[in-house]
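> Provided below for reference: sequence and predicted model.
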Amino acid sequence: MSNQEHSPLEILLILIVFIIAAAYTYYHKEIMKTFSAFNSGISAVTSFITSYYWVIIIVAIVVILLYLLKDSLLDLIFYRSQKYDLTDYISPEEYVAKKKMKENEEIENVYNEDKAQYKKIKTVVGRFTPAKKYKTEYEYQIELLGWLKHEFPRTQTEVQTSSSRPDIVIDNVAIELKGPTRTKDLQSISSKILRYLNHYDHMLIVLFDLEVSERYYEDWYSGIKSNFPHVDIIEIYSEDELNV
């Protein structure tokens, strides 16, 4: 028989093994039930992940994107400035008011640019002088068209819009020509103004080489300006007429 003594650690390990064996023997059924439930839970989780893995991937992507974009989202929600300083917060009412003010400023800028463009067109047309007195309106039209295209490349001729077909069109400006201008030519202009202004913001009337009595022209001119004050009329004489 051996007289070898066991160390305290060995004795402790033997006791632990004995206690575990005794507990397993006594609580065998309960332990088996616990492991069974645990295994069922793992199986359920595994089955869920297998069936809905794409949902989990999408949710993970959304969470990552929300985290990366959190500052931008907060800025959108709270109307904060680019500094992301809560002291820069403005109310929704102030935001709407500022947005409306900005829209009005943009409209005013467009209006001012439109006025400036129309003024420039009038100036360029007013500087034009035909090379000679032509027999037909078409010849005046061709020469003026070439003159305008140097300054306004988008210049077009006889653009048909409904029943309107101005001689020359530059963006939202309609230009009606007459030349050489006689009494019968002036009589049709008022009806054209009514039709053209339905489609264009501005209208310019250009009269080449007037051959109308002074009294008749004054009556016609005052009638046009009283009924259509925003329509401008430009009289132009060819070099032949100016040298007479």
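Nice, I can see it. As the structure is a computational prediction, the values presented were derived from the model and not from experiment.
> Please, where are all the helices along the chain?
8-26, 28-51, 53-68, 70-78, 92-126, 137-151, 183-187, 189-196, 214-227, 239-242 (DSSP state H).
> Count the residues that sit near residue 199.
Here the count is done by other CB atoms under 10 Å, and residue 199 has 15 residues near it. Using the backbone N, CA and C atoms, a C-beta is placed for each residue, glycine as well.
> make that residue 167, sorry
Neighbourhood size, residue 167 [other CB under 10 Å]: 20.
> Return the helix or strand in this protein with minimum mean pLDDT.
Ranked by mean pLDDT, DSSP states H and E, the helix or strand of the chain with the weakest confidence is helix 70-78, at a mean of 60.
> quick one, domains of the chain?
With domains defined by automatic domain parsing, the chain comprises 8-68, 128-242.
> do you know which of these lies nearest residue 97?
domain 128-242 (28.9 Å; CB to CB).
> do you know how far the residue nearest to residue 227 when sequence neighbours are not counted is from residue 143?
Nearest residue to residue 227, sequence neighbours excluded (CB to CB, 6 or more residues apart in numbering): residue 190, at 7.2 Å. From residue 190 across to residue 143, the span is 26 Å (CB to CB, to the nearest Å).
> who's more crowded, the two?
residue 143 (18 against 14).
> any idea how far residue 168 is from that one?
11 Å.
> Show me the contact partners of stretch 125-134.
Contacts to stretch 125-134, defined as CB atoms under 8 Å, 6 or more residues apart in numbering, come from residues 140, 143-144, 147-148, 175, 179-180, 204, 206, 208-209, 234, 236-242.
> Compute the first-to-last residue distance for it.
17 Å (CA to CA, to the nearest Å).
> going forward, begin numbering at 690 instead of 1
Sure thing, new numbering starts at 690, so read that last one as stretch 814-823.
> avg pLDDT for it?
Taken as a whole, stretch 814-823 has an average pLDDT of 94.
> list the buried ones in that stretch?
Using 16 or more other CB atoms under 10 Å as the test for burial, stretch 814-823 gives 814, 817, 819, 822-823.
> Weed out the non-buried ones from the contacts of stretch 814-823.
Among the contacts of stretch 814-823, those scoring as buried are 829, 832-833, 836-837, 864, 868-869, 893, 895, 897-898, 925-927, 930 (criterion: 16+ other CB under 10 Å).
> Closest one to residue 792 out of these, please.
Nearest to residue 792 among the buried ones among the contacts of stretch 814-823, with distances taken as CB to CB, is residue 893, at 29.9 Å.
> From residue 795, how far off is residue 782?
21 Å.
> Any stretches of the protein with poor pLDDT?
690-704, 706-707, 709-745, 758-781, 784, 930-933 (pLDDT under 70).
> Touching, the residue nearest to residue 916 and residue 915? I think so.
No - using CB atoms under 8 Å, residue 879 is not in contact with residue 915, being 11.3 Å away.
> so what's the spatially closest residue to residue 906 that is not a sequence neighbour bridging to?
Excluding its sequence neighbours, the residue lying closest to residue 906 (CB to CB, 6+ apart) is residue 899, at 6.6 Å. Residue 899 has the following beta-bridge partners by DSSP bridges: residue 870.
> What count of nearby residues applies to residue 899?
Neighbourhood size, residue 899 [other CB under 10 Å]: 19.
> likewise residue 753?
Around residue 753 there are 10 residues (other CB under 10 Å).
> From the structure, what's the count of residues near the spatially closest residue to residue 886 that is not a sequence neighbour?
Counting by CB to CB, 6+ apart, residue 892 is the residue found nearest to residue 886 once chain neighbours are left out, at 6.0 Å. The local packing of residue 892 (other CB under 10 Å) involves 21 other residues.
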